[in-house]
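Novice: generate coordinates for the sequence data below:
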Amino acid sequence: MIDYERPRRAMICSQLRPNQVTDRRLLAVMGALPREAFVPAGKRSLAYMDEGVEVWPSIDGAPARFLLAPMVLARLIQLAAIGEDDTVLDVGCATGYSTAVLARLARSVIGLEAEPELAAAAKATLQELAIANARIVTGPLNQGHAETGPYDVILLNGSVPEVPKTLTAQLKQEGRLVAVVANGIQGKGYLFFRTGDEASGLPHFDAGAKPLPGFAPEPCFIF
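Specialist: Sure thing, here's the model as predicted:
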């Protein structure tokens, strides 16, 4: 039986701290939360590697789904500066690891997932870990979940070519959205703020992440 405490400590010491993750609350949460519980049984030995972990295979041409690499997730969450009274929308939560991390930092979290099977797995694991301030819902990722908004923070669990206004419109005034913006695997970790009806963002760090499904830009006609 694998002792996961050792790779969990190694994740903190070799992946997070050397890469400017300094938030003590966040380090404590990720140092205690069993990431392996959110990874399929056959891949749990890979749970703490320093890259994304596949948790859902490509089926009928649909893209595979991944947990964000620990460092990328941690830096995005740290960038969002989540407070204990914040409400958070976790877009593309997959098996729920990011939702669980966020729930230990915020007042409440909505985890949005497009795949019903992944959503069911996330619900089951959150229940097993007695995380009561998070709820999993299903729906198109690029539409968000306006029913329970507006939110203090929105996190995107994968890369997108651009952040749609549909999501930034679900932020509270001065709300924050964090995402990896990229047209390929390598991109930048962005922090967006909503002011009035607009949201503006700036890049903060280099980040690689698998694309989130449903965010491809609409094709345009060229004359």
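Novice: contacts only, for residue 161.
Specialist: Applying C-beta atoms under 8 Å, 6 or more residues apart in numbering to residue 161 gives the contacts 181-183, 215-217. Yep, even glycine has a C-beta here, placed from its N, CA and C like the rest.
Novice: what about the helices in this structure?
Specialist: 5-10, 24-32, 70-80, 97-103, 116-128, 165-168 (DSSP state H).
Novice: out of the ones you listed, which one sits most buried?
Specialist: Comparing these by mean neighbour count (mean count of other C-beta atoms under 10 Å), helix 97-103 comes out on top with a mean of 27.
Novice: what does that one rub up against?
Specialist: 26, 29-30, 33, 35, 38, 67-68, 73, 77, 82, 88, 90, 93, 109, 111, 122, 125-126, 129, 131, 133-134, 136, 155, 157.
Novice: circling back to that earlier point, PyMOL command to pick out the buried ones of the contacts of residue 161?
Specialist: Applying 16 or more other C-beta atoms under 10 Å to those, the buried members can be selected in PyMOL as follows:
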select buried, resi 181+182+215
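Novice: so for residue 18, which of the helices of the chain sits nearest?
Specialist: Evaluated over the helices of the chain, closeness to residue 18 peaks at helix 70-80, with 8.9 Å, by C-beta to C-beta.
Novice: hang on, the earlier thing: okay if I get the helices of the chain as a markdown table plus mean pLDDT and distance to residue 144?
Specialist: Converted to a markdown table, the helices of the chain look like this (pLDDT from 0 to 100; distance: least, C-beta to C-beta, whole Å):
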| stretch | mean pLDDT | distance to residue 144 |
| --- | --- | --- |
| helix 5-10 | 96 | 31 |
| helix 24-32 | 98 | 24 |
| helix 70-80 | 98 | 16 |
| helix 97-103 | 98 | 15 |
| helix 116-128 | 97 | 15 |
| helix 165-168 | 97 | 5 |
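Novice: before I go, just wanted to say thanks for your time.
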